[in-house]
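>>> Let's see this in three dimensions:
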Amino acid sequence: MKKIKALMKYELINLHKNFILVIMLLLFLFGLQQQLWSSRIYDEFRLNLVTFLKTLWLPINLIYIPILIINEIIGSGNQEIFEALNISKRERFLGKFFTGAIINLIIVIAYAVVLIVVAIIADAPFKYSLYLILMCILNIVIGLFCFSSIGL
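Down below sits the predicted model:
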């Protein structure tokens, strides 16, 4: 387990140096901006949770390709380090899987925070908001898991 944690730290540090994370963040912010802009109805800004979730696909679809690229980048690092630490293929796969899971968890948390803020601003009923937010998060988790699996 220590080797897997060390490998995860190594991969996250290497990703931090890569420009793809900045591109993914910019695409996600652009998608959120477009999603908020679509809440304008008849030149009046009407933000509610249902209209916000109608365009849920936009910011998430914009980051699917960077997620694929990131999962391809993870684990394609220096082979000498893997040999020096005597890391097996199973440990390399688990390190790659957990690193991708951490990145996906960060995306899900960021989007959940955005949804909660929109629900608070829109003054939506609590139970209805909770139901919509949980279904939305489930949708995002399934999509990110599928795309991350393809990238692995």
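
>>> Setting aside sequence neighbours, what's the nearest residue to Ser148?
Spatially, and ignoring its direct neighbours in sequence, Ser148 is nearest to Gly100 (4.6 Å; CB to CB, 6 or more residues apart in numbering). Glycine gets a C-beta too; all of them are placed from N, C-alpha and C.

>>> counting contacts, what elements does the helix or strand where the one you found lies pack onto?
Using DSSP states H and E, Gly100 falls within helix 89-122. Contacts defined by 3 or more CB pairs under 8 Å, 6 or more residues apart in numbering; DSSP states H and E place helix 89-122 against helix 2-16, helix 20-37, helix 49-54, helix 57-73, helix 126-151.

>>> so that helix versus helix 57-73, what angle?
160 degrees (axes from the mean of the first three to the mean of the last three CA atoms, to 10 degrees).

>>> Run a quick neighbour tally on Thr51.
Residues near Thr51, counting by other CB atoms under 10 Å, number 17.

>>> Just give me the residue right at the centre of this structure.
Central residue of the chain (CA atoms, centre = their mean): Ile107, 2.9 Å from the mean position.

>>> List the residues that contact that one.
Applying CB atoms under 8 Å, 6 or more residues apart in numbering to Ile107 gives the contacts 28, 63, 67, 140, 144.

>>> of those residues, closest to Leu12?
When the contacts of Ile107 are compared for distance to Leu12 (CB to CB), Ile67 wins out at 14.9 Å.

>>> which non-adjacent residue is nearest that closest one?
Nearest to Ile67 is Phe147, by CB to CB, 6+ apart, at 5.0 Å.

>>> I'd like to know how far the one you found sits from Ile60.
According to CB to CB, to the nearest Å, Phe147 and Ile60 sit 10 Å apart.
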